[in-house]
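*Asks:* Sequence plus predicted model, see below.
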Amino acid sequence: MEERKLRIGLPKGSLQEHTLRVFGLAGFDIKIAPRSYVVNFDDKEIEGYLLRPQEIPKYIEEGKLDVGISGEDWIKETRADVIEICDLKYAKQKIKKVKWVLATPENSEINSVKDLEGKIISTEIVNITKDYLKENGVKATVKFSYGATEVKPPRFADAIIDLTETGTSLKAHNLKILDIVFESSTRLIANKSSWKDDWKKEKIKDLATLLKGAVESEDIFGLAIHVPENKLKKVLKILPCLKNPTVTRISGTEFYDVVSVGHEKEIREILPKLKKEGCEGMVEFPLNKVVY
């Protein structure tokens, strides 16, 4: 009997490092040989390939892959007919969305999408850009950019639609942002036929649970503290928590051991308050997975 395999595509390039980190937090040991596109999982039922995120949606639609990770932008740009399993909520660097923005030189007379009538726009997302222009009733020439899009204006294009997380690169090239065209985050997507296969469907669902848990854990930390008995009620009102914290009486003392979880910023803000309430032994610790 042929061994069952789930063929998965992982994004090469800007999303690669963070994707591999998320899989690591999800409990997978992954190895990629230098200059190789084959991804070796410690799960013998998974066969992995490292590919450009622009290619993955179509390979999934065509059945060359069962499941994969790509940006919402490339799913829409390629018009791929796939099933979206879940939003993994991360971009290049951390948990957030990236933006495709309309930008022009600082000294340009173009100040809105309406001013693009008859102009030339350079971008990597031609289809999304054409949809955007159509929605705004504007006719313009859209040219595909093979990269370094921010250097195209003003000599090679009047405006660009480019990807940004911080806007730093655009500012460095003296470009101003006029509009947000599309916001994108990373998605887990599957082939429609694969989703109808019971074994593959369960394997994909289990994978989604682990990956979502890993992504959630990146922004959530655990907190263990020793709380004086006479301050317990007050401290419990201060603590952040997904649900109810775990409270255990410490034998032979007038303290309770309290374990809670919260976002890093929340914990940062409450630690000094907890210290003032007489709490001791406060330990913040990372979490690998948070599964609701």
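*Replies:* Arrived safely. Numbering: from 1, shown residues only.
*Asks:* any idea how far residue 181 lies from residue 127?
*Replies:* Applying C-beta to C-beta, to the nearest Å, the value for residue 181 to residue 127 is 12 Å. Where you see a C-beta, it was placed from the backbone N, CA and C, and this is true even at glycine.
*Asks:* more neighbours, those two?
*Replies:* residue 181 (22 against 13; other C-beta atoms under 10 Å).
*Asks:* Counting by contacts, list what the one helix or strand the more buried one maps to packs against.
*Replies:* Taking DSSP states H and E as the criterion, residue 181 maps to strand 175-184. For strand 175-184, the packing partners by 3 or more C-beta pairs under 8 Å, 6 or more residues apart in numbering; DSSP states H and E come out as helix 72-78, strand 98-105, helix 126-135, strand 159-164.
*Asks:* again, only using 10 Å
*Replies:* Contacts defined by 3 or more C-beta pairs under 10 Å, 6 or more residues apart in numbering; DSSP states H and E place strand 175-184 against helix 72-78, strand 98-105, helix 126-135, strand 159-164, helix 168-172.
*Asks:* average pLDDT for the last one?
*Replies:* By that I understand helix 168-172. For helix 168-172, the mean pLDDT works out to 87.
*Asks:* tell me what the helix or strand containing residue 247 is packed against?
*Replies:* Here residue 247 sits within strand 246-249, counting by DSSP H and E. If contacts are counted by 3+ C-beta pairs under 10 Å, 6+ apart, strand 246-249 sits against helix 232-238, strand 255-263.
*Asks:* Any chance of JSON lines for those, columns distance to residue 192, mean neighbour count and mean pLDDT?
*Replies:* What follows is the helices and strands packed on strand 246-249, written out as JSON lines (distance: least, C-beta to C-beta, whole Å; neighbours: other C-beta atoms under 10 Å; pLDDT from 0 to 100):
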{"stretch": "helix 232-238", "distance to residue 192": "48", "mean neighbour count": "14", "mean pLDDT": "93"}
{"stretch": "strand 255-263", "distance to residue 192": "36", "mean neighbour count": "19", "mean pLDDT": "92"}
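*Asks:* quick one: contacts for the residue most central in space within the chain?
*Replies:* In the chain, the residue lying closest to the centroid (C-alpha atoms, centre = their mean) is residue 90, at 1.2 Å. Taking C-beta atoms under 10 Å, 6 or more residues apart in numbering, we find residue 90 in contact with 15, 18-19, 21-22, 69, 96-98, 185-186, 211, 214-215, 218.
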